[in-house]
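>>> build me a structure from this.
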Amino acid sequence: MPIRIPEQLPAQDVLLGENIFTMDSDRAANQDIRPLEVGILNLMPNKIETEIQLLRLLSNTPLQINVDLIRIDNQAPKNTPQSHMDAFYHSFSDIAQKRYDGLIVTGAPLAMLQYEDVKYWDTMTTIMEWAKRHVQSTLYLCWGAHAAMYHFYGVTRQLRETKFSGVYEHSVKAPRNELMRGFDPVFWAPHSRYGHIDEAIYDGVEGLNVIAASKEVGAYIVASEDKRMVFVTGHPEYDPDTLKDEFSRDIAAGQTPDVPVNYFPCNDPSLPPMVRWRSHGSLFFTNWLNYYVYQTTPYDLNQLAGSPALKR
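Okay, the predicted model is just below:
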């Protein structure tokens, strides 16, 4: 089934070129079903690239999904035209009264800032509190995951001197959890972050379960027992060249980054990257939509349950 996205969104041509079915609002209005309502709070500077990555993964389901793109503030983004933001993004105030089946909060390049020093931190906390009441299941990615852990549970990340950058081996820790349905016992996933929270800290938070983890980079997928919140410390949505582009960008900025691990054959950046995470990334999003969103959300979104239990 298709995803409904705004007409003229640049992602539409890319997705159609990949034989991914999208529809506009006129056609969606003639569908005699209740589609899922999913919001994407996009905090990344290159918003068009992130849109395509996430929409591609959301499309791999038999469910019709209406997608709202949400912005955190009105400041002009660094790597996205203002005209794009004005045409396709909603301010939080525009959707604050709406309820969603699912919400995705992306990562952000804010690794070296304390949370309270982030210029939109107050708005971020407002949205996270709002999501407890207005969203059935919220998926927090990378920086978003650490920010949510800090806000809801008072867990402070550690900042590493060197960056976790590359594709790392992970193991399924909770094979009976629906998010892991169809996963191989061992799989690969990209990471690109300085922040880190020890796996034992997640284990010590009542109501949270570590679903998948890596010996090298720690907890990867953590979920609340009520399925209302999922924390992913890596980037299952990344394109094949995303880590390569980040590596090249850092070099161009005069930095001396380590070569992303387990990514280039023979650790040689002149060779095309090895891609071995996309099938599990796609499966993860499909499982989240099916088991944590579709099968738990009420038909009438006005009947969404209240705040999930949060214990520090």
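
>>> got the CA positions of the biggest helix by length in the chain in PDB?
When the chain is parsed with DSSP state H, its longest helix is helix 121-134. Output of helix 121-134 as PDB, limited to C-alpha atoms (Å, rounded to 0.1, in the frame of the first residue of the first chain):
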ATOM      1  CA  TRP A 121      15.500  22.300  23.900                       C
ATOM      2  CA  ASP A 122      12.400  23.800  25.500                       C
ATOM      3  CA  THR A 123      10.300  23.100  22.400                       C
ATOM      4  CA  MET A 124      11.900  19.600  22.200                       C
ATOM      5  CA  THR A 125      10.800  18.800  25.700                       C
ATOM      6  CA  THR A 126       7.300  20.200  25.000                       C
ATOM      7  CA  ILE A 127       7.000  17.900  22.000                       C
ATOM      8  CA  MET A 128       8.200  14.800  23.900                       C
ATOM      9  CA  GLU A 129       5.600  15.500  26.600                       C
ATOM     10  CA  TRP A 130       3.000  16.100  24.000                       C
ATOM     11  CA  ALA A 131       3.800  12.800  22.300                       C
ATOM     12  CA  LYS A 132       3.000  10.900  25.500                       C
ATOM     13  CA  ARG A 133      -0.600  12.000  25.200                       C
ATOM     14  CA  HIS A 134      -1.000  12.400  21.400                       C
END
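
>>> show me where the stretch 51-200 of the chain has its strands.
65-71, 89-91, 100-105, 135-141, 158-172, 186-196 (DSSP state E, counting those that start in this stretch).

>>> picking up where we left off before, now do the longest helix of the chain against strand 100-105, angle only.
Interaxial angle of helix 121-134 relative to strand 100-105 (axes from the mean of the first three to the mean of the last three CA atoms, to 10 degrees): 150 degrees.

>>> got the buried residues for helix 121-134?
Buried residues in helix 121-134, counted by 16 or more other CB atoms under 10 Å: 121, 124-125, 127-128, 131-132, 134. From N, CA and C alone the C-beta is placed, and that goes for glycine too.

>>> got it, and stretch 159-174?
Residues 163-168, 170, 172-173 are the ones in stretch 159-174 that count as buried (16+ other CB under 10 Å).

>>> what does stretch 204-216 give?
Neighbour-count burial for stretch 204-216 flags 205, 208-214 (criterion: 16+ other CB under 10 Å).

>>> next step: those restricted to strands.
Of these, the ones assigned to strands by DSSP state E are 208-214.

>>> looking at those residues, which is nearest residue 97?
Of all these, residue 97 sits closest to residue 208, with 29.6 Å by CB to CB.

>>> so how many other residues sit close to residue 34?
By other CB atoms under 10 Å, 14 other residues sit near residue 34.

>>> name the nearest residue to it, sequence neighbours excluded.
Computed as CB to CB, 6 or more residues apart in numbering, the closest residue to residue 34 that is not its neighbour in sequence is residue 299, at 6.1 Å.

>>> same thing with residue 251?
Using CB to CB, 6+ apart and skipping the chain neighbours, the partner closest in space to residue 251 is residue 257 (6.7 Å).

>>> many thanks, we can stop here.
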